[in-house]
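**Student:** Dropping a prediction and its sequence here:
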Amino acid sequence: MTTTNRLFEPASNPNVLYADRQLNIRSVGDGLLRLSGQIDLTNGDAVASALGRDHSDDGRVTVDVGELEFIDLYGLRTLALLSSDPFGRPVHLRNVQPALQRLLVLLAWPTFMII
């Protein structure tokens with residue numbers, strides 16, 4: 001049985017793009033998103049919906065994942081959706097923890113670039 005997380009309203013903070021019991025996504029600047037918590041099957045669709053719009057002037061998206069505690073393949077697929085053209089405009093990941101970096105190297109997805 002799959003459960004979903006309840007979406008919490010971003011309490012008068014326009015920088016909060018998404019928040020539930022396990023994940024918080026904030027827009028920090030032009031094209032920079034900061035994730036803290038966990039992305040998995042239970043919140044991946046809601047996260048994809050929240051991130052469905054362009055967040056920068058030039059279309060480049062940088063995601064700070066330094067505070068991300070867990071991400072499964074469904075969560076990675078969700079982040080990959082930030083790139084409209086995975087071969088021409090990858091999603092830049094910043095502050096990548098060693099476990100996530102190993103996973104990205106194993107998958108070798110051209111959608112992500114670690115900066």
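**Tutor:** Yep, it's here.
**Student:** and stretch 106-115, how far out from the chain's middle?
**Tutor:** In terms of CA atoms, centre = their mean, to the nearest Å, the centre of stretch 106-115 is found 14 Å from the chain centre.
**Student:** Start and end of it, how far apart?
**Tutor:** 17 Å (CA to CA, to the nearest Å).
**Student:** pLDDT of that stretch, averaged?
**Tutor:** Stretch 106-115 carries an average pLDDT of 90.
**Student:** What distance do you get for the closest residue to Pro90 other than its chain neighbours to Leu100?
**Tutor:** Setting aside the residues directly before and after it, Pro90 is nearest to Met113 in space (CB to CB, 6 or more residues apart in numbering), at 4.3 Å. Using the backbone N, CA and C atoms, a C-beta is placed for each residue, glycine as well. Computed as CB to CB, to the nearest Å, the Met113 to Leu100 distance reads 13 Å.
**Student:** who's more crowded, those two?
**Tutor:** Neighbours were counted for Met113 and for Leu100 using other CB atoms under 10 Å; Leu100 has more, 18 against 15.
**Student:** Could I get the buried residue list for the helix or strand where the more buried one lies?
**Tutor:** According to DSSP states H and E, Leu100 maps onto helix 98-107. Of the residues in helix 98-107, 100, 103-104 count as buried by neighbour count, 16 or more other CB atoms under 10 Å.
**Student:** Please apply the same query to stretch 35-43.
**Tutor:** 35-40, 42-43.
**Student:** Can you give the contact residues for the top strand by length along the chain?
**Tutor:** Counting by DSSP state E, the longest strand found in the chain is strand 62-71. If you take CB atoms under 8 Å, 6 or more residues apart in numbering as the criterion, strand 62-71 is touched by 28, 31-40, 79, 82, 91-97, 100, 115.
**Student:** And the helices in this structure?
**Tutor:** 44-50, 73-80, 98-107 (DSSP state H).
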